[in-house]
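Chemist: quick one, structure for this:
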Amino acid sequence: MNHTVIEPTLDAAQVDQYLRQHVNSGYARLASLMNLPIEQSSRGAYIYDEQGRQYLDAGGYGVFFLGHGHPVVVEAVTRQLQQNALASKLLLNPQQAFAARALAAQCPGDLDYVFFCNSGAEATEAGLKLARLNGCRRTLSTFGGFHGKTLGALAVTGRESYREPFNGLLSDSEFVPFGDSVALEQQLRASPDKACVILEPIQAEAGVILPPSGYLRRVRELCNQYGAVLIIDEIQSGLGRTGYWWGCDQEQVVPDIMLVGKSLSGGCVPVSAMVASATIYAPFNRNPTVHTSTFGANPLAMAAVQATLQVMVQEDLVARARLLGQDLHARFSALLQQRGWAERVQLRSAGLLLGFEFAEASIAANMVMALIEQRIIVCHSLNDHRVIRLTPSSLLTAQDCNWLIEGFTQALTTSMPSL
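Modeler: This is a model prediction of the structure:
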């Protein structure tokens, strides 16, 4: 397979040295052991390393739904950079108003108010604080859930290995199994204190775990019944990734608070958001300074948000993601069946969020390296090291899809020779 080559310009030894001395020596050692190439540039669905070799990017942890450097987004951000890059935070920021209106227009139900942040964890923090201001004294989350690693977000992240070193600093949260509405109801019934329920429509970091049909609807009903505030974390599942605008759309569920991130940036400028109904957002409206962010809603990010949403609508990328996801699922399923791998490799997917679960974490690690040899970038799963994930661009071509299937075939063959 012929791939584009770009002239190399980076000194790999110098990069390794600076990483060891000034960034993180443990990470640098791991990267050296894995012989990881250096990311030099990107364009569309492709990344180029320091040797000019081209890789198909099916990773990025959900960020690159529009690929890298979409021309509409780049043009909007470049224009804004030349005009007004960062806001004074005293005068009015028109880009914030326009971006909030554009995002609210695509949100379900009455989610009309937008608080812009810089990362998914920050959006989680904003959502949890807003729930607290709405009288929530308990927080219910799910085992395997992932909402970030700042202290508030970590308190509701359902993986003990991340939480344990910081237990003395974390607020108390209660956890129930994901997909188990009976367990959730038992917890809601157990205390008269008002609760905040936070969960993902699909647990991405846990390995693309899909709940049973009707689960989200039942969660919404239970929150209504017990007066709980429902936060749905759409940071990775939202904005077309699952083949719907939002993961909760499939069951026509409207949360009280929704968290947005990843592809909201158009792959160009970090940005996230916490979106809420007017009723829930009222404490923030009463006191605009109760929760703020210096770089939140900066004009560069707001330009990226507007351009991203414009591209998604004009190019009908949500529908495209649904069709691409269906095609890839069918082709991967056929590959696993034809090669006799289906019983030992479990495929789970929703749109362009695909997870492959292997019997052991070592096999998944071998697959990541074997796929790099095939010039394919994927994601590992923080909450289940047996799973690798694909979160490719919605703009993959037919040739890109062929590259993905052929590369997986070769990687599976080398990673699991006994099959």
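Chemist: so where do the helices sit in the stretch 151-300 of the chain?
Modeler: Assigned helices in the stretch 151-300 of the chain, in chain order: 151-155, 160-163, 181-190, 215-226, 278-286, 299-314 (criterion: DSSP state H, counting those that start in this stretch).
Chemist: hey, least reliable of these by pLDDT?
Modeler: Here the lowest mean pLDDT among the helices of the stretch 151-300 of the chain goes to helix 160-163, at a mean of 90.
Chemist: now stretch 134-146: buried residues?
Modeler: 134, 136, 138, 139, 140, 141, 142, 143, 144, 145, 146 (16 or more other CB atoms under 10 Å). Just so you know, the C-beta spots here come from the backbone N, C-alpha and C atoms, and that holds for glycine as well.
Chemist: mind putting these into JSON lines with distance to residue 325, pLDDT and secondary structure?
Modeler: What follows is the buried residues of stretch 134-146, written out as JSON lines (distance: CB to CB, whole Å; pLDDT from 0 to 100; DSSP: H, G, I helix; E, B strand; the rest coil):
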{"residue": "134", "distance to residue 325": "36", "pLDDT": "98", "secondary structure": "coil"}
{"residue": "136", "distance to residue 325": "35", "pLDDT": "97", "secondary structure": "coil"}
{"residue": "138", "distance to residue 325": "36", "pLDDT": "96", "secondary structure": "strand"}
{"residue": "139", "distance to residue 325": "32", "pLDDT": "97", "secondary structure": "strand"}
{"residue": "140", "distance to residue 325": "30", "pLDDT": "98", "secondary structure": "strand"}
{"residue": "141", "distance to residue 325": "27", "pLDDT": "97", "secondary structure": "strand"}
{"residue": "142", "distance to residue 325": "24", "pLDDT": "97", "secondary structure": "strand"}
{"residue": "143", "distance to residue 325": "26", "pLDDT": "96", "secondary structure": "coil"}
{"residue": "144", "distance to residue 325": "22", "pLDDT": "95", "secondary structure": "coil"}
{"residue": "145", "distance to residue 325": "23", "pLDDT": "95", "secondary structure": "coil"}
{"residue": "146", "distance to residue 325": "21", "pLDDT": "94", "secondary structure": "coil"}
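Chemist: and those residues, which two are the farthest apart?
Modeler: Largest separation among the buried residues of stretch 134-146 by CB to CB: 134 and 144, giving 26.0 Å.
Chemist: which regions of this protein lie under the pLDDT threshold?
Modeler: 1-9, 417-419 (pLDDT under 70).
Chemist: longest helix in it, please.
Modeler: helix 317-338 (DSSP state H).
Chemist: can I get it in PDB, CA atoms only?
Modeler: The C-alpha coordinates for helix 317-338 follow below in PDB (Å, rounded to 0.1, in the frame of the first residue of the first chain):
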ATOM      1  CA  LEU A 317     -21.800  14.100   9.100                       C
ATOM      2  CA  VAL A 318     -24.100  12.500  11.700                       C
ATOM      3  CA  ALA A 319     -25.800  10.400   9.100                       C
ATOM      4  CA  ARG A 320     -22.500   9.700   7.400                       C
ATOM      5  CA  ALA A 321     -21.100   8.400  10.700                       C
ATOM      6  CA  ARG A 322     -24.000   6.100  11.200                       C
ATOM      7  CA  LEU A 323     -23.600   4.600   7.700                       C
ATOM      8  CA  LEU A 324     -19.800   4.300   8.000                       C
ATOM      9  CA  GLY A 325     -20.200   2.700  11.400                       C
ATOM     10  CA  GLN A 326     -22.700   0.200  10.100                       C
ATOM     11  CA  ASP A 327     -20.400  -0.700   7.200                       C
ATOM     12  CA  LEU A 328     -17.300  -1.000   9.400                       C
ATOM     13  CA  HIS A 329     -19.200  -3.200  12.000                       C
ATOM     14  CA  ALA A 330     -20.400  -5.500   9.300                       C
ATOM     15  CA  ARG A 331     -16.900  -5.800   7.700                       C
ATOM     16  CA  PHE A 332     -15.100  -6.400  11.000                       C
ATOM     17  CA  SER A 333     -17.800  -8.900  12.100                       C
ATOM     18  CA  ALA A 334     -17.300 -10.800   8.800                       C
ATOM     19  CA  LEU A 335     -13.600 -10.700   9.200                       C
ATOM     20  CA  LEU A 336     -13.700 -12.200  12.700                       C
ATOM     21  CA  GLN A 337     -16.100 -14.900  11.600                       C
ATOM     22  CA  GLN A 338     -14.300 -15.900   8.400                       C
END
